[in-house]
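Chemist: I would like to see how this sequence folds:
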Amino acid sequence: MRSVVIDKPGSVTVRALPDPIPGAGEIVIDVRVCGFCGTDLHIFRGEYLGAYPVRPGHEAAGVVSAVGEGVTDLKVGDRVAIEPNIHCGDCAMCQSGRGNFCENWTAIGVTLPGCCAEKVLAPVGQVFSIGELPFEAGAFMEPLSCCLHGMKKIESIEDEDVLVIGAGPIGLLLLQLAKLRGACRVTVTDLREARLKLARDLGADETICVKTCGTAAPGCASTKDITAEGGRATSEAGYDTVIDASGNVGAIAQTIDLVRPGGKVLWFGVAPAGETFPIEPFRVFRKGLSIHGAFTSLGNSTDAIELLAGARLQVAPLISHRLSIDEFEQAARLIEHDPDVLKIMIKI
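Modeler: So this is what the prediction gives:
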């Protein structure tokens, strides 16, 4: 089979490797599509603590081509998607229901051979049937699972006024989930008007084009200041729930200004390790805020597939590029340098 291999930071090859052979409880999947994720970019850049070489790719869907001994729930020919994060089930974190913090965590495409390959090996417990769902939609199972985990952290948002910061693929998934969960109004901010147009097409009630974290950009079709001079929210009441999907530290800092007293904040976007911002604990205390983080997913794969299969949210509009397995490095460069890129699908 052919597989993408990141030999060292910034160095990618596509090489022929032996086909995987399933052991007991394992499945081999012929990969059809694999989404390019920010984690793949971090690995490509060298912002990764594991050992190289790495075979990347963890947002994938394909067809079962071989099954190992003891596999009964799936068979050759089944259309499936992969949950990459593998929990041991035995450590203190797993035993306490916090498997996403597994002390023996491994992941397909990170510590184990990944899905930017013609074939991938996975434990049967990590593989989920997608029925007749298109492969590209099935590949969204993993990022959507992460979004569902994040939304669960902030509990009910029914009838709330919600702000989503960042209209990338994750922000656009969170927008749609907020609407599905009954938010009365969802506002989305981004630096790019093209992304905001898509947000409106996907149900955003209002969009705000900004040139920095909270300053309206002149010339955008939909502009409005979300912060006043001094960095305080324009509306004294603020939003009931504020979700950062940008990972921009400046934007994350402003979530505390933009949320109303008694409101909820979800820091979902992944900020660069080591970056910080000053915070005034008294303001969090005085506003009585609930601030949440969300790390990967936790048992959300089945729910994600049900949402995708029921066409309750749209993922096809989030795909901006379709590239071949030989264009993995091009995908990395596009995400680094082209602000109009959304989700890149690697076609295998």
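Chemist: Compute the distance between the nearest residue to residue 71 once chain neighbours are set aside and residue 256, please.
Modeler: Counting by CB to CB, 6 or more residues apart in numbering, the nearest residue to residue 71 once its immediate chain neighbours are dropped is residue 124, at 5.0 Å. In short, each C-beta sits where N, CA and C put it, glycine included. If you measure residue 124 against residue 256 using CB to CB, to the nearest Å, the figure is 44 Å.
Chemist: Near residue 145, how many other residues are there?
Modeler: Residue 145 has 25 neighbouring residues, counting by other CB atoms under 10 Å.
Chemist: same deal with residue 274?
Modeler: Residue 274 has 5 neighbours, counted by other CB under 10 Å.
Chemist: give me every residue that touches the residue nearest to residue 71.
Modeler: If you count contacts by CB atoms under 8 Å, 6 or more residues apart in numbering, residue 124 has them with 25-27, 67-68, 71, 73-74.
Chemist: closest to residue 168 among these?
Modeler: residue 27 (31.3 Å; CB to CB).
Chemist: What are the boundaries of the strands in the stretch 1-150 of the chain?
Modeler: Remark: strands assigned in the stretch 1-150 of the chain by DSSP state E, counting those that start in this stretch are 2-8, 11-16, 26-36, 59-67, 79-82, 85-86, 106-107, 119-123, 127-129.
Chemist: can you list those in CSV and add mean neighbour count, distance to residue 150 and mean pLDDT?
Modeler: Formatted as CSV, the strands of the stretch 1-150 of the chain follow (neighbours: other CB atoms under 10 Å; distance: least, CB to CB, whole Å; pLDDT from 0 to 100):
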stretch, mean neighbour count, distance to residue 150, mean pLDDT
strand 2-8, 19, 28, 97
strand 11-16, 14, 30, 97
strand 26-36, 24, 18, 98
strand 59-67, 23, 16, 98
strand 79-82, 25, 19, 98
strand 85-86, 22, 15, 96
strand 106-107, 16, 18, 95
strand 119-123, 23, 24, 98
strand 127-129, 20, 20, 98
